[in-house]
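Engineer: model this:
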Amino acid sequence: MTADEARSGLTDQHRWYLEAYGYLCFRGLLIDDLPQIATAFDELVADPDVPRIEWLPPGHHGRPQWMLGDVVPRHPTLAALPTDARILGLVHDLLGSDATYIGSDASVYACETDWHCDTPAVDRDLRHLKFAIYLDPIRQAHGAPRLLVGSHQLDIAAGGPLHRYLGYDGAVEERTGVHSRDLPHWALPSDPGDVLVWDFRVMHATFGTTEPRRQITLNYRATRPEAVGGIAT
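Structural biologist: So this is what the prediction gives:
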């Protein structure tokens, strides 16, 4: 999907696709603003006064992730992103015009990430979407998100049928006899300027590289327990 198509509005086919598979890709959506966004990100990462967390969850296989908190308010370039017409138009088309922006984060990944969901802290009965902006090229074998497409339908985070096999502890191979990276999946390669969108409940992971990858995410929540774009389930 091109930036022009995104600006012209989504169709029911796009909404059904997200409903069925749990993700969408918008190629080149922010390409015109990429230099300013990347500069703002790097300035915040380098600022010693910006709080950051380094953490090592089991699924990262001993490699760190550096995360900054809600970064958007900390830089004027990033502060404009949640209400940017290109982003907000998609949010309204997918979650409704009364959707709620619930925050952002910025991460530098120097790790693989095993299979997990982005579990909302509250309002789990409402649809949550993550808008991911990668500032470095990523490919299937080099850090691109891999999705178990359609897994949001199973609500794994709530203990659905795949949870006991995949879990959150990096023990997939022990349980199934198959390495995490070899599970059937769909990869989402990305170039700087692209925007990837996925449902919080989709199981996803990254493999193949420990080179640093810069990522900004914007997170939104529907205000009504309805399917994407009002499509009934």
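Engineer: switch to C-alpha atoms for all contacts and neighbour counts from now on
Structural biologist: OK.
Engineer: what about the helices in this protein?
Structural biologist: 3-7, 12-21, 34-46, 76-79, 85-95, 163-166, 172-176 (DSSP state H).
Engineer: which of these has the highest mean neighbour count?
Structural biologist: Among those, helix 85-95 has the highest mean neighbour count (mean count of other C-alpha atoms under 10 Å), at a mean of 19.
Engineer: can you pull the contacts of residue 221?
Structural biologist: Counting by C-alpha atoms under 8 Å, 6 or more residues apart in numbering, residue 221 touches 95, 99, 100, 101, 102, 126, 127, 128, 129.
Engineer: any chance of those residues in JSON lines, plus distance to residue 201 and pLDDT?
Structural biologist: Formatted as JSON lines, those follow (distance: C-alpha to C-alpha, whole Å; pLDDT from 0 to 100):
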{"residue": "95", "distance to residue 201": "15", "pLDDT": "92"}
{"residue": "99", "distance to residue 201": "17", "pLDDT": "94"}
{"residue": "100", "distance to residue 201": "17", "pLDDT": "93"}
{"residue": "101", "distance to residue 201": "17", "pLDDT": "94"}
{"residue": "102", "distance to residue 201": "16", "pLDDT": "92"}
{"residue": "126", "distance to residue 201": "11", "pLDDT": "88"}
{"residue": "127", "distance to residue 201": "9", "pLDDT": "90"}
{"residue": "128", "distance to residue 201": "8", "pLDDT": "93"}
{"residue": "129", "distance to residue 201": "9", "pLDDT": "95"}
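Engineer: show me which of the residues you listed are buried.
Structural biologist: Listed as buried from these are 95, 99, 100, 101, 126, 127, 128, 129; burial here means 16 or more other C-alpha atoms under 10 Å.
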